[in-house]
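Peer 1: Structural data only, the sequence is not supplied:
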């Protein structure tokens, strides 16, 4: 007689089909599948085992953004959970990250780039938010908590399962999310998250039962790698004025201006020498980076439109029209100045920004304006067409039509030719201590006298230290001089 096999039959997670409409997420639709429902009720699935390493929470699965075939939608689960569940599920306190697994899941770089300033004012903000939460716990106020937006690494996405219980709303499937026990990093709401972790460990919260009775809304985006996480941070933090524009620019891989910069810098001296702003420097003595991303963005806007358009008005369909000009401009700068922009300063010389005007943002922005004006008959019609509306056409069709209209009516001619501009840039003496530059920019003053520093490149002589003010007045003064009839004044070798 054959001995019966009483071992429970386990249905492995990798046998659950992936739904292409949801980015390949493994989805069980038990509402319409009696066999799947019975298997769930008997605990037959591998992911239901306590040893499988999952957090099981009820939530709503949805696709975010533009979900049509041409779009790039996101897959996210929205959860309304208690403070205790939030802490257990998220694991990741941005002010005190778990070193053992956030590094392995590709979170370290994004944490370093977006959270390395979790001190000073941000630490004070965390404490203020904690106090706000405690006031709510004590009944002193109503808590108005925004949704926290987080993400889970793409490295655990293949093991993530969503069990659909109700498909009435095709844009919000209700069910149970089985999330692997891995940290959830915040794309928005870092300070609030850090405050919630602090409150969860407080006596006030424990005594008041807040671990069970404080409810938080968490949206977890699934299948996120470092690039997507960076884009999410940039999109959420890059609108309006922010304290670290360079960081936002470095992470904003989807902006048209970023795409233009990336294409234009290829093969130029700028390719590996743009400072992101968070652990990088473009100070007078720093030599690794030529300019930061914010300066480069403004340089390109000057080339495109003399700085008259905002970054958000420059669209992807504009890129092919302006990329040849942007590439030529950056190539021209490299041909003119790369020999002076040395990353490793020779023993008998000085850091390039200490010597040369062209190492400073104001000069490069001025040259960008001069470049635009030298090719204004080509670039001008393109710039004039940006943002011109036509209700009867798509935005890119309206742009193309307006370009043709502007070209047919364009009358403005270059002040000088591009060849003449290149020739002038070659002949100009760019040392900061030359009198023609200090006449334009002024000098630094110490004790009522012109400040002077010994320069190795000048044989150890004490040379005047010119100002490097990055203001519209100075930038316009420089470009006007370069394009003027008396530009040759800038070729003199007279020291201040």
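Peer 2: Everything's here; your move. It should be emphasised that the depicted structure is a prediction, and the values quoted were computed from it without experimental measurement.

Peer 1: Could you list the low-pLDDT ranges of the stretch 151-300 of the chain?
Peer 2: Applying pLDDT under 70 to the stretch 151-300 of the chain flags the ranges 236-244, 247-248, 250-254, 277-279.

Peer 1: Can you show me the strands along it?
Peer 2: Ranges of strands in the stretch 151-300 of the chain, per DSSP state E, counting those that start in this stretch, are 161-166, 173-180, 185-188, 215-224, 274-275, 291-292.

Peer 1: what about residue 256, distance to residue 323?
Peer 2: 11 Å (C-beta to C-beta, to the nearest Å). C-betas here are computed from N, CA, C, even on glycine.

Peer 1: Report the contact partners of residue 62.
Peer 2: 75-78, 171-173 (C-beta atoms under 8 Å, 6 or more residues apart in numbering).

Peer 1: Surely it forms part of a strand?
Peer 2: Yes: counting by DSSP: H, G, I helix; E, B strand; the rest coil, residue 62 is part of a strand.

Peer 1: what are the bridge partners for it, then?
Peer 2: For residue 62, the beta-bridge partners are residue 76 (DSSP bridges).

Peer 1: distance of it from residue 22?
Peer 2: From residue 62 to residue 22 the distance is 9 Å (C-beta to C-beta).

Peer 1: cool, and residue 281?
Peer 2: Taken as C-beta to C-beta, the span from residue 281 to residue 22 is 44 Å.

Peer 1: And the two? Which one has more around it.
Peer 2: residue 22 (18 against 13; other C-beta atoms under 10 Å).

Peer 1: Quick one: residues contacting the residue lying closest to that one once chain neighbours are set aside.
Peer 2: Computed as C-beta to C-beta, 6 or more residues apart in numbering, the closest residue to residue 22 that is not its neighbour in sequence is residue 75, at 5.1 Å. For residue 75, the contacting residues are 22-23, 25, 61-64, 221-223, by C-beta under 8 Å, 6+ apart.

Peer 1: Check residue 422 too.
Peer 2: 332, 336.

Peer 1: Quickly find the element holding it.
Peer 2: Using DSSP states H and E, residue 422 falls within helix 418-427.

Peer 1: next one: residue 349
Peer 2: Per DSSP H and E, there is no helix or strand for residue 349.

Peer 1: same thing with the one 4 residues further on?
Peer 2: When secondary structure is defined using DSSP H and E, the element that contains residue 353 is helix 352-355.

Peer 1: how much space between the residue lying closest to residue 354 once chain neighbours are set aside and residue 467?
Peer 2: Spatial nearest neighbour of residue 354, excluding adjacent residues (C-beta to C-beta, 6+ apart): residue 284 at 5.5 Å. To residue 467, residue 284 is 12 Å away according to C-beta to C-beta.

Peer 1: what does residue 322 give?
Peer 2: 32 Å.

Peer 1: before we move on, what about residue 44?
Peer 2: 75 Å.

Peer 1: circling back: just the buried ones out of the contacts of residue 62, please.
Peer 2: 75-78, 173 (16 or more other C-beta atoms under 10 Å).

Peer 1: can you redo these as JSON lines with distance to residue 373?
Peer 2: Converted to JSON lines, the buried ones among the contacts of residue 62 look like this (distance: C-beta to C-beta, whole Å):
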{"residue": "75", "distance to residue 373": "48"}
{"residue": "76", "distance to residue 373": "48"}
{"residue": "77", "distance to residue 373": "53"}
{"residue": "78", "distance to residue 373": "52"}
{"residue": "173", "distance to residue 373": "57"}
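
Peer 1: and of the residues you listed, the nearest to residue 157?
Peer 2: In terms of C-beta to C-beta, no member of these lies closer to residue 157 than residue 75, at 9.1 Å.

Peer 1: What's the per-residue pLDDT of that closest one here?
Peer 2: Looking at residue 75, its pLDDT is 95.

Peer 1: same thing with the one 10 residues further on?
Peer 2: In the prediction, the pLDDT value recorded for residue 85 is 95.

Peer 1: residues in contact with whichever strand or helix holds residue 325?
Peer 2: Using DSSP H and E, residue 325 falls within helix 319-337. With contact meaning C-beta under 8 Å, 6+ apart, helix 319-337 is reached by 256, 259-261, 263-270, 299-300, 303-304, 356, 358, 364, 367-368, 371, 375, 378-379, 382, 403, 422, 425-426, 430.

Peer 1: Buried only: go through these for me.
Peer 2: For the contacts of helix 319-337, buried by 16+ other C-beta under 10 Å: 256, 259-261, 264-265, 268-270, 299-300, 303-304, 356, 358, 364, 367-368, 371, 375, 379, 382, 403, 425, 430.

Peer 1: distance between the ends of stretch 411-423?
Peer 2: 25 Å (C-alpha to C-alpha, to the nearest Å).

Peer 1: Quick check: buried residues in it?
Peer 2: In stretch 411-423, counting by 16+ other C-beta under 10 Å, buried: 414-416, 418, 421.

Peer 1: cool, stretch 153-169 as well?
Peer 2: 153-157, 159-164.

Peer 1: Nearest to residue 186, out of these: which one, please.
Peer 2: residue 153 (13.3 Å).

Peer 1: any idea how the protein splits into domains?
Peer 2: 13-230, 243-375+414-491 (automatic domain parsing).

Peer 1: TSV for the ones you listed, including distance to residue 386?
Peer 2: Listed next are these as TSV, based on distance: least, C-beta to C-beta, whole Å:
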stretch	distance to residue 386
domain 13-230	23
domain 243-375+414-491	6
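
Peer 1: nearest to residue 398, of the ones you listed?
Peer 2: Short answer: domain 243-375+414-491, nearest of these by C-beta to C-beta, at 10.3 Å.
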